[in-house]
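**Q** output the structure for:
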Amino acid sequence: MNSSGYNLIGADPAMVGAVDTFTIRTSSRNLDTSATNSPAYLLLGSINDPIFGKTEASFCSQLRLITTSPDFGEISSLKIDSVVLSMRYLDNYGLNKPLKFDVFRISENLDINKVYYSNSKINCYSENLSINSNFKTPLAPGKYFINQFKDTIYDQISIELDTMLGRELINKSKESPSTYASIENFNSWFKGLKIVAKNETQAYLDGAIYYISSAPRLTIYYKQGGKNKQYYFELNQNAVRINLLDFNKSGYEADKPLANSNFYTQSNSLRAYVELPYITSISTNSVVHSAKLELPYDNTNNFIYTPGNQVSVMIENSSDDKRLRMIGMGSIDTIKKVFTIDLREHIQSVVAKKRINSGLFISPREFSTTSTRIKFINNGEITPKLYLKVSSFKK
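**A** The predicted structure follows:
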């Protein structure tokens, strides 16, 4: 935990009663884990960040039937050409570099009523369904390729799976028609898939995590009676979907908060923590006209790891209830290289004894659904500052 002294009151003469300095304490708080049920984006990829270390993102999802009781015709004459898991990403965090994609079949039921976390352990069968062990670089948005059926495919990540999976899925429709009679029956039999991306030899600054917004598809391409056909399943928003994240910060800068005065936040992993102990001593007969907290950030690798446009500001519910609730947002100023947070309402509540002076938890706005990370600076002349304008009155 680190402290710095800064100007308390702004320069407007009409409101200045005094100019003072006080302490701002900053630190970083590790999270044990975070809930990742029904994420806005599925996260997939791997990053080797020179400040935050290695982050790997995978996800699990049920398959959803598009139609119940599909008719595949005469199965004995059906020939499967390929089985492809394809997905389209909205954006990526980091550099678009080669990754290896593995796919495993889940062996446990995914429960829609259960809370899953970023470090949840989901049981899977050991067989890797992906048949291509080569590294692949996802296509850039807008790019496409032509598949063997001369279809134009705009999915940037395409993973070819063992055709035996397609055979098993189709055979089941004949062996046990009730399995395909409802989505519930199907998911009771086929629990889902886990998709993993990795690169054990990533250099610093290499790799990316992809934000998958549309529904991935598992498509069976087959021939029947000399005709090309296909059938697909979706990993859509109606499925139980879980992001799983692994963070390895050991030995990296963000894992040594006491070795320097900077402080850090990373989606699903770390929250920056800011304490303003001085404001408790402000007279209760005071009106807070404005209170703006500026947190300078490091933009050394901003072109690779953008800090995002906003941060969320949260406090604990009470001294007995450690759950967090949001009290505001902060916006980026790319010219001054700071995040500015309006704390007037919060500080006025503390001064009026309507709220305890608890620390502020600062994190990327989309904390549970992105990979954003921010290094805040509290070092030398570049430090957090609180600009506070207060009028005090006698009783």
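**Q** and the gap between Pro216 and Asn236?
**A** 8 Å (C-beta to C-beta, to the nearest Å). In short, each C-beta sits where N, CA and C put it, glycine included.
**Q** neighbour count: the two, which is higher?
**A** Set side by side, Pro216 and Asn236 show more neighbours around Pro216, with 26 against 16, by other C-beta atoms under 10 Å.
**Q** hmm, that one is touching Tyr232, no?
**A** No: assessed by C-beta atoms under 8 Å, Pro216 is found out of contact with Tyr232, at 10.0 Å.
**Q** and Ser269, how many neighbours?
**A** Neighbour number of Ser269 under other C-beta under 10 Å is 25.
**Q** check which helix or strand covers the closest residue to it other than its chain neighbours.
**A** Sequence neighbours aside, Phe247 is the residue nearest to Ser269 in space, at 4.9 Å (criterion: C-beta to C-beta, 6 or more residues apart in numbering). Following DSSP states H and E, one finds Phe247 within strand 241-248.
**Q** by contact count, what packs against the next helix or strand after that strand?
**A** Next along the chain after strand 241-248, taking DSSP H and E as the criterion, comes strand 263-266. Judged by 3 or more C-beta pairs under 8 Å, 6 or more residues apart in numbering; DSSP states H and E, strand 263-266 is in contact with strand 21-30, strand 270-275, strand 360-364, strand 373-376.
**Q** where do the helices sit along the stretch 51-200 of the chain?
**A** Using DSSP state H, counting those that start in this stretch, the helices of the stretch 51-200 of the chain run over 163-175, 183-189.
**Q** re earlier: which neighbours do Pro216 and Asn236 share?
**A** Here Pro216 and Asn236 have no joint contacts, going by C-beta atoms under 8 Å, 6 or more residues apart in numbering.
**Q** burial of the closest residue to Cys124 other than its chain neighbours, as a residue count?
**A** Spatial nearest neighbour of Cys124, chain neighbours left out: Phe104 (4.0 Å); criterion: C-beta to C-beta, 6+ apart. Neighbourhood size, Phe104 [other C-beta under 10 Å]: 21.
**Q** need the contact list for Phe104.
**A** Counting by C-beta under 8 Å, 6+ apart, the residues that Phe104 touches are 124-129, 193-194, 196.
**Q** which members of those are positioned in strands?
**A** 124-128, 193-194, 196 (DSSP state E).
**Q** and which of the residues you listed is nearest Arg325?
**A** Lys194 (32.9 Å; C-beta to C-beta).
**Q** was I right about that closest one contacting Ile106?
**A** Yes: if you go by C-beta under 8 Å, Lys194 and Ile106 touch, sitting 5.8 Å apart.
**Q** which residues do these two both contact?
**A** 60, 122, 124.
**Q** can you pull the contacts of the first one?
**A** Think Cys60. Contacts of Cys60 (C-beta under 8 Å, 6+ apart): 106, 110, 122, 192-195, 241-242, 244.
**Q** farthest-apart pair in those residues, please.
**A** Farthest-apart pair in the contacts of Cys60 is Leu110 and Ile195; separation 13.9 Å (C-beta to C-beta).
**Q** please name the nearest non-neighbouring residue to Asn317.
**A** Nearest to Asn317 is Arg323, by C-beta to C-beta, 6+ apart, at 5.2 Å.
**Q** pretty sure the one you found contacts Glu316?
**A** Yes: between Arg323 and Glu316 a contact is recorded at 7.0 Å, counting by C-beta under 8 Å.
**Q** which of those two has more neighbours?
**A** Shown here are Arg323 and Glu316; by other C-beta under 10 Å, Glu316 has more neighbours (15 against 8).
**Q** ok, back up a step: how close does the residue nearest to Asn317 sit to Ala272?
**A** As for Arg323, its distance to Ala272 is 18 Å (criterion: C-beta to C-beta).
**Q** tell me the buried residues in stretch 321-334?
**A** 327-328, 330, 332 (16 or more other C-beta atoms under 10 Å).
**Q** ok, those residues vs Ile80, which is closest?
**A** Nearest member of these to Ile80, counting by C-beta to C-beta, is Ile332, at 50.4 Å.
**Q** got the angle between the helix or strand hosting that closest one and strand 360-364?
**A** Element membership of Ile332 [criterion: DSSP H and E] is strand 324-333. For strand 324-333 against strand 360-364, the angle by axes from the mean of the first three to the mean of the last three C-alpha atoms, to 10 degrees is 60 degrees.
**Q** parallel or antiparallel, list what pairs with the following helix or strand past strand 324-333.
**A** The element immediately downstream of strand 324-333 (helix or strand, assigned by DSSP H and E) is strand 338-342. Neighbouring strands of strand 338-342 in its sheet, by DSSP bridges, are strand 286-296 (antiparallel), strand 324-333 (antiparallel).
**Q** closest one to Ala208 among those strands?
**A** Shortest distance between Ala208 and the strands paired with strand 338-342, using C-beta to C-beta, is found for strand 324-333: 21.2 Å.
**Q** got the CA coordinates for that closest one in CSV?
**A** These are the backbone C-alpha positions of strand 324-333, laid out as CSV (Å, rounded to 0.1, in the frame of the first residue of the first chain):
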residue,chain,number,x,y,z
LEU,A,324,-19.4,-4.6,-3.9
ARG,A,325,-21.9,-2.1,-5.3
MET,A,326,-21.3,0.5,-8.0
ILE,A,327,-21.3,4.2,-7.1
GLY,A,328,-20.0,5.7,-10.4
MET,A,329,-18.0,5.5,-13.5
GLY,A,330,-14.8,7.2,-14.6
SER,A,331,-13.9,8.3,-18.2
ILE,A,332,-10.5,8.3,-19.9
ASP,A,333,-8.8,11.5,-21.0
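**Q** avg pLDDT for it?
**A** Across strand 324-333, pLDDT averages out at 96.
**Q** return the distance of the helix or strand where Ile47 lies from the chain's centre.
**A** Using DSSP H and E, Ile47 sits in strand 42-49. Its chain's C-alpha centre and that of strand 42-49 lie 9 Å apart, by C-alpha atoms, centre = their mean, to the nearest Å.
**Q** what do you get for stretch 229-241?
**A** 22 Å.
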